[in-house]
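**Q** got a sequence here, can you build the structure:
(chains A, B, C and D)
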2 protein chains.
Amino acid sequence: MVPDDDGAFAPTTEDAPSSSGFLDDGKNTIGSQLASRLREAIISGELQAGSKINLDKARKTFNVSLSPLREGLARLISDGLVEFEDNRGYRVSSISLANLEEVTTLREEFEVFALRESMRLGDVEWEGNVMRALHRLNRTERDAARPETLERWEELHREFHLTLISGCGKPILLHFCRLLLNLNDRYRRVFLTRTSGDRNVSQEHSEIAQGAVARDLDYSCDMLRQHIHRTGTNLRNHLATKGIL
Amino acid sequence: MVPDDDGAFAPTTEDAPSSSGFLDDGKNTIGSQLASRLREAIISGELQAGSKINLDKARKTFNVSLSPLREGLARLISDGLVEFEDNRGYRVSSISLANLEEVTTLREEFEVFALRESMRLGDVEWEGNVMRALHRLNRTERDAARPETLERWEELHREFHLTLISGCGKPILLHFCRLLLNLNDRYRRVFLTRTSGDRNVSQEHSEIAQGAVARDLDYSCDMLRQHIHRTGTNLRNHLATKGIL
DNA sequence: ACTATCCAAATAATCGATTATCTGTCAAGG
DNA sequence: CCTTGACAGATAATCGATTATTTGGATAGT
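**A** Numbers count the residues shown, from 1 in each chain, chains lettered A, B, ... in the order given. Model (predicted):
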């Protein structure tokens, strides 16, 4: 008997349930704190995609020394948000149509696969977590006029999708999905402040979640796939419209 | 005891993957070189799975300073070979039955998916690369008595699998597959010095490759899936036999 | 003009030393 | 005995300074 499934990616230090996590992250190392701040800065678009990260400026901006700065940046590489090249330093990962399409495709494949596995293996606690995440998400307004509500909604949305697949018992797969969600969220944070009129996203989430808890594999997986696909299409349109590429 | 009869910059036989593999030529940083050496040390089993990595000892062993050491280790995290925890340092990722099974399952899913995409999208150059990788692999003997042949074979084997899926046009997916191969190879390097009698691995590779070039999607994908699955089964048996877990 | 070569400023990488944190041990108090 | 807390040694994290590499621009030769 193996003590615990401590797979390669098992620990994943980061998120405790967002609601209850207060103090524990207050006293991480500087490197960790930086990683969080930088991650948020990148996903939110504060740090422009593709831009070079000047270590000296960053050092001054964040008021830290080089060691923890490099430490923090190194971690974002595993998140796919930062790229690195020897002697040339770090830069924020670029966004592109091709990248968006790959992210969408892979999410369709992997997230759906993970959901299927969750439905196959998840226990009652997983079901409960799914319903809770759904409820919290659907009870949260997204008001384009108040940015803090957008951030809050994004957080809960992310949490919902991760909870949905959290029962799959496959830490590496979860790591991949988390990474893809990071990349995906960056597009949405930059380009979407509201959903296109013809979608009822709350209902989509509900259908997926209820199907999942009812173990209706084909239905729920299909809903999730469509959900991801639609988001991809929307994002692609916005990307094209705003003529970034 | 660390007599420094060293060569921190020791020429080391580990030259770049043969002819046209990667671009890491002589002009790497210490951090990069360390990452390579450590990666090899972990995959080959020289550094025991699950063991803690004492920074001070490692620093002396490799005759480097802390900064590049951390740098190198940080990169192995993205490879899934090293885990990290704040204020507790780094450790070599554990191996376990659960982990092996996940790696195998995910390889079946992702690598097969990537192969399908490669067959759909790959161009003539991709076909050529596949045939070359196949030829070089099949022309290389694997002699359990001479470890260097094993290493060489592993390298070419890895190269073959990566080439096979290199036409898929999906960099993130390729990254995932590379990572999974790393994890998988570690099990094989530790547990398999020869294939079980009832397999003709060369032929398996040939069938996959030829089917791929002929764009026989279903056939080739099926062969690859079985190939991966068999390897997983073999490894699991060895793992159980040698009673590691 | 056009390229090649060589400097100097900018930037990245590394080092040695210092500071913060953890971990085991041992003694005092319950 | 068992727990608690303080100490010391081990280990990780961070800093400031130094060294190496890259890059842009000026200069000389064709």
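
**Q** poorly predicted segments of chain A, please.
**A** Applying pLDDT under 70 to chain A flags residues A:1-27, A:193-197, A:243-245.

**Q** now do 80
**A** Low-confidence segments of chain A (pLDDT under 80): A:1-27, A:144, A:191-198, A:242-245.

**Q** and it, what are its domains?
**A** A:26-92, A:97-241 (automatic domain parsing).

**Q** so which of those domains gets nearest DNA strand D?
**A** Minimum separation from DNA strand D across these (CB to the nearest atom of the strand) falls at domain A:26-92, 2.8 Å. For glycine as for every other residue, the C-beta is placed from the backbone atoms N, C-alpha and C.

**Q** now do the contacts for residue A:141.
**A** By CB atoms under 8 Å, 6 or more residues apart in numbering or on different chains, the contact set of residue A:141 is A:149, A:153.

**Q** near DNA strand D, which residues of chain A show up?
**A** Counting by CB under 7 Å from any atom of the strand, chain A comes close to DNA strand D at A:29-31, A:64-68, A:71, A:86-88.

**Q** tell me the buried residues in the top helix by length along chain A?
**A** Using DSSP state H, we find that the single longest helix of chain A is helix A:217-241. Buried residues in helix A:217-241, counted by 16 or more other CB atoms under 10 Å in any protein chain shown: A:220-221, A:223-225, A:227-228, A:230-232, A:234-236, A:238-239.

**Q** what does stretch A:127-135 give?
**A** So stretch A:127-135, judged by 16+ other CB under 10 Å, has buried residues A:127, A:129-130, A:133-134.

**Q** coming back round to it: near chain B at all, the longest helix of chain A?
**A** No - Helix A:217-241 does not reach chain B (CB under 8 Å from any CB of the partner chain); its nearest approach is 13.9 Å.

**Q** could you count how many residues lie near the residue in chain A positioned nearest to DNA strand C?
**A** Residue nearest to DNA strand C within chain A (CB to the nearest atom of the strand): residue A:89, separated by 2.9 Å. Residues contacting residue A:89 under the criterion other CB atoms under 10 Å in any protein chain shown number 14.

**Q** which residues are in contact with it?
**A** So residue A:89 contacts A:52-55 (CB under 8 Å, 6+ apart).

**Q** for it, grab phi and psi.
**A** Dihedral angles of residue A:89 (phi, psi; degrees, to the nearest 10) stand at phi 80, psi -160.

**Q** does residue A:83 lie in a helix or a strand, and which?
**A** strand A:82-85 (DSSP states H and E).

**Q** which parts of that strand are buried?
**A** So strand A:82-85, judged by 16+ other CB under 10 Å, has buried residues A:82-84.

**Q** distance between whatever helix or strand comes next after that strand and the chain's centre?
**A** Downstream of strand A:82-85, the next assigned helix or strand under DSSP H and E is strand A:89-92. Offset of strand A:89-92 from its chain centre (CA atoms, centre = their mean, to the nearest Å): 20 Å.

**Q** pull out the buried positions in strand A:89-92.
**A** A:90-92.

**Q** and stretch A:94-105, by the same measure?
**A** A:95, A:99-100, A:102-105.

**Q** what do you get for stretch A:58-75?
**A** So, applying 16+ other CB under 10 Å, buried residues of stretch A:58-75: A:58, A:62, A:64, A:68-75.

**Q** where do the helices sit along chain A?
**A** Using DSSP H, helices in chain A cover A:30-43, A:55-62, A:66-78, A:97-106, A:112-121, A:124-138, A:147-164, A:171-191, A:201-213, A:217-241.

**Q** now check the fourth one, is it near chain B?
**A** Yes - counting by CB under 8 Å from any CB, contacts between helix A:97-106 and chain B involve A:99, A:102-103, A:105-106.

**Q** which of those residues sits closest to residue B:216?
**A** residue A:105 (22.7 Å; CB to CB).

**Q** my read is that the closest one contacts residue B:172, right?
**A** No - taking contacts as CB atoms under 8 Å, residue A:105 lies outside contact range of residue B:172: 9.5 Å.

**Q** tell me the bridge partners for the residue nearest to residue A:54 when sequence neighbours are not counted.
**A** With sequence-adjacent residues excluded and distances taken as CB to CB, 6 or more residues apart in numbering or on different chains, residue A:54 is closest to residue A:89, at 7.7 Å. Judged by DSSP bridges, the bridge partners of residue A:89 are residue A:85.

**Q** these two touch, right, residue A:140 and residue A:151?
**A** No - using CB under 8 Å, residue A:140 is not in contact with residue A:151; the gap is 10.7 Å.

**Q** how about the residues of chain A near DNA strand C?
**A** So chain A meets DNA strand C at A:27, A:52-56, A:66-67, A:70, A:86-90 (CB under 7 Å from any atom of the strand).

**Q** which of the residues you listed lies closest to chain B?
**A** Nearest to chain B, judged by CB to the nearest CB, of these is residue A:86 at 5.0 Å.

**Q** burial of that closest one, as a residue count?
**A** 12.

**Q** ok, residue A:201 next?
**A** Neighbours of residue A:201 (other CB under 10 Å): 16.

**Q** any idea how far residue A:138 is from it?
**A** Per CB to CB, to the nearest Å, residue A:201 is found 9 Å from residue A:138.

**Q** again, but for residue A:162
**A** 16 Å.

**Q** and if you look at residue A:103?
**A** 25 Å.

**Q** before we move on, what about residue A:170?
**A** Taking CB to CB, one finds residue A:170 at 27 Å from residue A:138.

**Q** the more surrounded of those two?
**A** residue A:170 (26 against 15).

**Q** contacting residues around that one?
**A** Counted by CB under 8 Å, 6+ apart, residue A:170 has contacts A:7, A:114, A:117, B:102, B:105-106.

**Q** between the two ends of stretch A:60-74, what distance do you get?
**A** 18 Å (CA to CA, to the nearest Å).

**Q** ok now it, how far from the chain's centre?
**A** Centre to centre, stretch against its chain (CA atoms, centre = their mean), the figure for stretch A:60-74 is 23 Å.

**Q** what does that stretch contact?
**A** With CB under 8 Å, 6+ apart, stretch A:60-74 has contacts from A:29-35, A:37-38, A:53, A:55, A:58-59, A:82, A:84, A:90, B:67, B:70-71, B:74-75, B:77.

**Q** please name the nearest non-neighbouring residue to residue A:127.
**A** residue A:213 (4.8 Å).

**Q** still on that earlier bit, would you format the helices of chain A as CSV with distance to residue B:156 included?
**A** Conversion of the helices of chain A to CSV gives the following (distance: least, CB to CB, whole Å):
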stretch, distance to residue B:156
helix A:30-43, 37
helix A:55-62, 38
helix A:66-78, 28
helix A:97-106, 28
helix A:112-121, 30
helix A:124-138, 43
helix A:147-164, 38
helix A:171-191, 25
helix A:201-213, 43
helix A:217-241, 37
